[in-house]
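*Asks:* sequence plus predicted model, see below.
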There are 2 protein chains.
Amino acid sequence: MARPPRFDTDQILDAAVRLAASGGPGGVSMSAVAQAIGAPSGSMYHRFAGRTALLAEVWLRTVERFQRGYFASLHSDPDPRPAARAAARHVVAWSRAHPEEAALLLHGPWEFGRADWSEEHTARADSGNQRVYTALGALAESLGATGPQDRDRITLALVDLPLSVVRRHLRAGEPLPPHAEDLAEECAAALLPTAP
Amino acid sequence: MARPPRFDTDQILDAAVRLAASGGPGGVSMSAVAQAIGAPSGSMYHRFAGRTALLAEVWLRTVERFQRGYFASLHSDPDPRPAARAAARHVVAWSRAHPEEAALLLHGPWEFGRADWSEEHTARADSGNQRVYTALGALAESLGATGPQDRDRITLALVDLPLSVVRRHLRAGEPLPPHAEDLAEECAAALLPTAP
DNA sequence: AGATTATTAGAGACCTATCTCTAATAATCT
DNA sequence: AGATTATTAGAGATAGGTCTCTAATAATCT
């Protein structure tokens, strides 16, 4: 019914990921992405309402890809303690497998203009986060951690701490050292509430 | 011998801190800072070689202020374990006392254009970092942690982890909860190598 | 008082990025 | 084949930011 696209959405987002990994969110300009794939700048605006929308889409595609595997790890074992270890490990392993997307995630949604996102984009982000927090809450409960401080501690162990391991190296432009997964797993385990 | 300055350097840097805290490094434009203090844009270039230099100076002043207290905490006790606890605690306490500067630090030097800094600025940054790492190395040694993995773990416990506690709240625009210092201290202690 | 000099003051050149607009193009559908 | 339509293609208007340049200003020094 119409002319077929020469540049599809994923191709554009892939280029945006590369640019974000090397130059940060600021490096993702409409013209830079267009140039990276050899498209005229006008085509960009045919797919994305504007730069804000592009930033939102590239962020959301990346975080959703990450969360898919993160969820799988969290539910990989009926016993909460091995599941927690697997989750911490997954953060590092996924980052090793997808260094550019990981570098993007380390910047956080606010750097990708979250304050200006449309309602749809904001809702997508909130829904993903909500799923993560309820899953973490369930795991916390099955560990016997009930207070809000306990939950903070578990979020720290299974999300923030593994991300810190990744951040330190990726920000310096180095690859992740071989023992990074072990480090994240061991440290996460050390932060879980001790068995009664 | 000359006309006295109406806008001094610290006043300019203070405004830059405020702008960086609210709008990130991208919000720190020469014109925005000038407007914030009511100065013409030309005066900015009289004090700073350019935007790059301004970003470097505001970053370095902030990180050096932070490190001063961090060092004091690291050396506050001859026993390494309480010293480690104090250091982790200090990160959070300092951030609570200086939320705008803390928000600035969370972005990291690369966001402040570190790649384009002058040699002087780069050297200043390196020297500060070097001092921190040697101090952490000494503490690691007195804890009996000798391997490179042990040192990574201590850096994680005394730097990255407390920063994660701060990041989670400041990025969301919330103030730090009352128990944040305790959380950072307890988690840091849990990550230290267990006594032989 | 007069010379000296660091600084303020602000206009404007230059660049880069976002976004709009019009025309050409290439596929599908009848 | 001809109509339809999503898309490419790219020129250009607009905005905002960096940086330069010249003149005015206000203090100190002799």
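*Replies:* Now that the structure is in, tell me what you want to look at.

*Asks:* confidence score at the residue nearest the centre of chain A?
*Replies:* Residue closest to the average C-alpha location in chain A (CA atoms, centre = their mean): A:V63, at 3.6 Å. Residue-level confidence at A:V63 comes out at 98, pLDDT.

*Asks:* for it, give me its contacts.
*Replies:* A:V63 makes contact with A:L105, A:P109, A:A125, A:G128 under the criterion CB atoms under 8 Å, 6 or more residues apart in numbering or on different chains. Any C-beta I mention is one placed from the backbone N, CA and C, and that applies to glycine too.

*Asks:* of those, which is the nearest to DNA strand C?
*Replies:* DNA strand C lies nearest to A:P109 out of the contacts of A:V63, by CB to the nearest atom of the strand, at 17.6 Å.

*Asks:* so what's the residue count around that closest one?
*Replies:* Burial measure for A:P109: 21 neighbouring residues, criterion other CB atoms under 10 Å in any protein chain shown.

*Asks:* and for A:S29?
*Replies:* Per other CB under 10 Å, the neighbour tally for A:S29 reads 16.

*Asks:* which non-adjacent residue is nearest it?
*Replies:* Spatial nearest neighbour of A:S29, excluding adjacent residues (CB to CB, 6 or more residues apart in numbering or on different chains): A:R51 at 7.1 Å.

*Asks:* I'd guessed that neighbour sits against A:A32; true?
*Replies:* No - because the distance of 10.5 Å does not satisfy CB atoms under 8 Å, A:R51 is recorded as not touching A:A32.

*Asks:* chain A against chain B: which residues are in contact?
*Replies:* Selection of chain A residues close to chain B by CB under 8 Å from any CB of the partner chain yields A:24, A:26, A:108, A:110-111, A:149, A:152-153, A:155-157, A:160-161, A:163-165, A:167-168, A:171, A:179, A:183, A:186-187, A:190-191.

*Asks:* are any of those residues buried, and which?
*Replies:* A:24, A:108, A:111, A:152-153, A:155-157, A:160-161, A:163-165, A:167-168, A:183, A:186-187, A:190-191 (16 or more other CB atoms under 10 Å in any protein chain shown).

*Asks:* just the buried positions in the strand or helix carrying A:T122, please.
*Replies:* Counting by DSSP states H and E, the secondary-structure element that holds A:T122 is helix A:119-142. By neighbour count, with 16+ other CB under 10 Å as the criterion, the buried positions of helix A:119-142 are A:H121, A:T122, A:R124, A:A125, A:G128, A:V132, A:A135, A:L136, A:L139, A:A140.

*Asks:* widest-spaced pair of those residues?
*Replies:* Taking CB to CB, the two most distant members of those are A:H121 and A:A140; they sit 28.8 Å apart.

*Asks:* among the residues of chain A next to chain B, which are located in strands?
*Replies:* Secondary structure assignment (DSSP state E) places none of the residues of chain A next to chain B within strands.

*Asks:* those in helices, which ones?
*Replies:* Of these, the ones assigned to helices by DSSP state H are A:149, A:152-153, A:155, A:161, A:163-165, A:167-168, A:171, A:183, A:186-187, A:190-191.

*Asks:* among those, which one sits closest to DNA strand C?
*Replies:* Nearest to DNA strand C among these is A:R171, at 22.4 Å by CB to the nearest atom of the strand.

*Asks:* what's near enough to touch the nearest residue to A:A184 once chain neighbours are set aside?
*Replies:* In space, and not counting its chain neighbours, A:A184 is closest to A:P162: 4.2 Å by CB to CB, 6+ apart. Contacts of A:P162 were listed using CB under 8 Å, 6+ apart, and they are A:A88, A:R89, A:V91, A:V92, A:A184, A:A188.

*Asks:* tell me which two of these sit farthest apart.
*Replies:* A:V92 and A:A188 (10.2 Å).
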